[in-house]
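> sequence plus the predicted model coming up.
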Amino acid sequence: MTLNPILTLMRAAALLCCAGAASAQVPTEPPKAAICTACHGPKGNPTMPEVPALAGQTSRYIYLQLKDFQEGRRSNVLMSPMAKDLSRDEMRELGAWYAAQKSNPVPFQPDAIKAKLGKAKADETLCTMCHLGGFAGQNEIPRVAGQPFDYVVKQLRAFKARERTNDAGNMTSVSSTLTDADIENLGHYLAGL
């Protein structure tokens, strides 16, 4: 069966167009990402225990956190000045780029008993209703699976103490029910995912 040459050309053009569109969607590293590497590590995989992994995080969450640091809804001695002069486009570019990066496992060996207790607490408090199954996050809800233990514990304590409140009250409310042991157990569970 012989195909019409015009139809063949149209199909080839459509394939090239689709291939071009797919490659155009892969973000390139934004210039500002080089500054982020000092703390957040290469491609958003940190080497410091209290620094969050940005690789594989939702782009919307990264954008909103940068905006919150910039506008004072979230405060950190390092991040607030870093976000201060970022443009809206730069924040979006950073979010898209980090979301497209592969998250590497954190070098942490969770305690199996504490991780099991952490999973039970996560189930009890319905964490997956917002963070989704596998704790992968969605839109403005962060991916917490595989985040560094120290970072998870620090953030849960900050929500509980109301030192961090840029969450519309959801995490503040949930964390107010957590004991120090619950927070540690959740840290073991989430860091081990």
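Arrived safely.
> find the nearest non-adjacent residue to the residue nearest to the spatial centre of the chain, please.
Nearest residue to the geometric centre of the chain (C-alpha atoms, centre = their mean): residue 57, 2.5 Å. Counting by C-beta to C-beta, 6 or more residues apart in numbering, the nearest residue to residue 57 once its immediate chain neighbours are dropped is residue 143, at 5.3 Å. Every residue, glycine included, has its C-beta placed from N, CA and C.
> so how far is residue 140 from residue 35?
In this view, residue 35 and residue 140 are 23 Å apart by C-beta to C-beta, to the nearest Å.
> residue 125 now?
With the distance defined as C-beta to C-beta, residue 125 ends up 19 Å from residue 140.
> dump the residue contacts of residue 177.
residue 125 (C-beta atoms under 8 Å, 6 or more residues apart in numbering).
> domain ranges for the protein?
Domain assignment of the chain by automatic domain parsing yields the ranges 33-99, 112-191.
> residue 74 reaches residue 66, doesn't it?
No - with contacts counted by C-beta atoms under 8 Å, residue 74 stays clear of residue 66, the gap being 9.3 Å.
> low-scoring stretches of the chain, by residue?
Across the chain, residues meeting the criterion (pLDDT under 70) sit at 1-26.
> what segments of the protein are helices?
When secondary structure is read from DSSP state H, the chain shows helices at 5-24, 33-40, 59-71, 79-84, 88-99, 112-124, 128-131, 149-160, 170-175, 180-191.
> so which of the ones you listed gets nearest residue 52?
Distances from residue 52 to each of the helices of the chain were compared by C-beta to C-beta, and the smallest falls on helix 149-160, at 5.0 Å.
> which helices and strands does the closest one pack with?
In this structure, helix 149-160 makes packing contacts with helix 170-175, helix 180-191, judged by 3 or more C-beta pairs under 8 Å, 6 or more residues apart in numbering; DSSP states H and E.
> and those, which is most packed in?
Among the helices and strands packed on helix 149-160, judged by mean count of other C-beta atoms under 10 Å, the one packed with the most neighbours on average is helix 180-191 (a mean of 22).
> alpha carbons of that helix, as CSV, please.
Below are the C-alpha coordinates for helix 180-191, written out as CSV (Å, rounded to 0.1, in the frame of the first residue of the first chain):
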residue,chain,number,x,y,z
ASP,A,180,8.0,15.2,70.6
ALA,A,181,8.2,11.4,70.2
ASP,A,182,5.6,11.6,67.4
ILE,A,183,7.6,14.2,65.6
GLU,A,184,10.8,12.1,65.9
ASN,A,185,9.0,9.0,64.7
LEU,A,186,7.5,10.9,61.7
GLY,A,187,10.9,12.1,60.9
HIS,A,188,12.2,8.5,60.8
TYR,A,189,9.3,7.4,58.7
LEU,A,190,9.3,10.2,56.1
ALA,A,191,13.1,10.3,55.7
